[in-house]
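**Student:** next input, structure requested:
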Amino acid sequence: MTDATRPVAVVTGAARGLGRVIALTLAEAGLDIALVDVADLGAVAAQVEASGSAAWPWRADVAVEKDVLGLVTAFRGRFEHVDVLVNNAGVSLIAPAEKTSAEAWRRVIDVNLTGPFLLCREFGALMLSAGAGSIVNVASVAGLRGVSHRVAYNASKHGLIGLTSTLAAEWGGRGLRVNAVCPGWIKTEMDAEDQGGGAYTDRDITDQVPLARFATPEDVAMAVAFLADPTKSGFINGAALPVDGGWSSDASWTSLRLRSRRPLQS
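**Tutor:** Purely as a prediction, here's the structure:
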């Protein structure tokens, strides 16, 4: 067992990208971290421990119910409580809707939506028994708007926001808050992989975002940390917080948006 007085967070998809930064941000805030991924977690576990927090890495596929049940059983053997769950694990798929196979559709839905449901169900039960806790689901601007050639991804993220709202309504009165963050495009390994396939360029994103840049992982991680902390967001429940630089609020056409920007400083 670890120090029972320290709060504990479970972060999925923690081996790289946004999940790694979320885990490190929560560790720096004083939480011990259970790290979950299908990939090797040794590097991020070492970083968490270097920050002074305990790290517990566990390999699991969040889309597989047996893996999730095994994770929770092992977790209960190591930790006495869970305070925060961050459902960050996710996969991308860029393809025209008419060329999206049922197999590809199911894989995206399984990882991006069924996995969070299973983790919410299992870790949520532990939080409900304690009468306190915070779940933060990492959705997307694609859960607030439609984005072409991402039918499975968009559906999974819209569903994740629906899951968030429903659980917030169902569990809020029992001490468990459930919220979502909705990032815009982030500079991570997933972005590099998507751009590597020729789907879009940096300019496609920065021209669309009123703040004229990509999100950083730190931008999103700080929003997650805020929603996870009951002393800072204790009356926020059921929110889908955009962390998108204004993308989801801007209905301007591109040329108008670009004309409205301040000149670049030389």
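
**Student:** OK, contacts around the residue nearest to G131 when sequence neighbours are not counted?
**Tutor:** Leaving aside its sequence neighbours, G131 sits nearest to G175 (CB to CB, 6 or more residues apart in numbering; 4.1 Å). Where C-beta positions appear, they are placed from N, C-alpha and C, glycine not excepted. Residues near G175 by CB atoms under 8 Å, 6 or more residues apart in numbering: M127, L128, A130, G131, A132, G133.

**Student:** so which of the residues you listed belong to strands?
**Tutor:** Residues of the contacts of G175 located in strands (DSSP state E): G133.

**Student:** what subset of the contacts of G175 is buried?
**Tutor:** By neighbour count, with 16 or more other CB atoms under 10 Å, the contacts of G175 hold M127, G133 as buried.

**Student:** of the contacts of G175, closest to L31?
**Tutor:** G133 (12.5 Å; CB to CB).

**Student:** can you get me a residue count around E28?
**Tutor:** E28 has 14 neighbours, counted by other CB atoms under 10 Å.

**Student:** what number of residues lie near the closest residue to it other than its chain neighbours?
**Tutor:** Excluding the flanking residues, the one nearest E28 by CB to CB, 6+ apart is S51, at 5.4 Å. The number of residues packed near S51 is 16, by other CB under 10 Å.

**Student:** what sits against S51?
**Tutor:** L24, A27, E28.

**Student:** quick one: the strands in the stretch 151-266 of the chain?
**Tutor:** 176-183, 240-243 (DSSP state E, counting those that start in this stretch).

**Student:** circling back: as a markdown table, the contacts of G175 with pLDDT would be great.
**Tutor:** Shown next, in a markdown table, are those (pLDDT from 0 to 100):
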| residue | pLDDT |
| --- | --- |
| M127 | 98 |
| L128 | 98 |
| A130 | 97 |
| G131 | 98 |
| A132 | 98 |
| G133 | 98 |
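
**Student:** CSV for the contacts of G175, including distance to S140?
**Tutor:** Shown next, in CSV, are the contacts of G175 (distance: CB to CB, whole Å):
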residue, distance to S140
M127, 24
L128, 27
A130, 30
G131, 31
A132, 28
G133, 23
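
**Student:** shaky segments in the stretch 151-266 of the chain?
**Tutor:** With pLDDT under 70 as the threshold, the stretch 151-266 of the chain has low-confidence stretches at 264-266.

**Student:** could you redo the last one with a cut-off of 50?
**Tutor:** Across the stretch 151-266 of the chain, the stretches falling below the confidence threshold (pLDDT under 50) are 265-266.

**Student:** equivalent analysis for the stretch 1-150 of the chain, please.
**Tutor:** Using pLDDT under 50, the stretch 1-150 of the chain drops low at 1.

**Student:** make it 80
**Tutor:** 1-3 (pLDDT under 80).

**Student:** show me where it has helices.
**Tutor:** In order along the chain, the stretch 1-150 of the chain carries the following helices (DSSP state H, counting those that start in this stretch): 17-28, 42-50, 65-78, 102-109, 115-130.

**Student:** indicate which one of those helices is closest to L227.
**Tutor:** Nearest to L227, of these and by CB to CB, is helix 17-28 at 11.1 Å.

**Student:** give me the contacts around that closest one.
**Tutor:** By CB under 8 Å, 6+ apart, the residues outside helix 17-28 that reach it are 9, 11-14, 33, 35, 37, 44, 47-48, 51-53, 55, 84, 86, 88-89, 138, 183, 186, 188-190, 217-218, 220-222, 224-225, 228.

**Student:** no further queries at this time; thank you.
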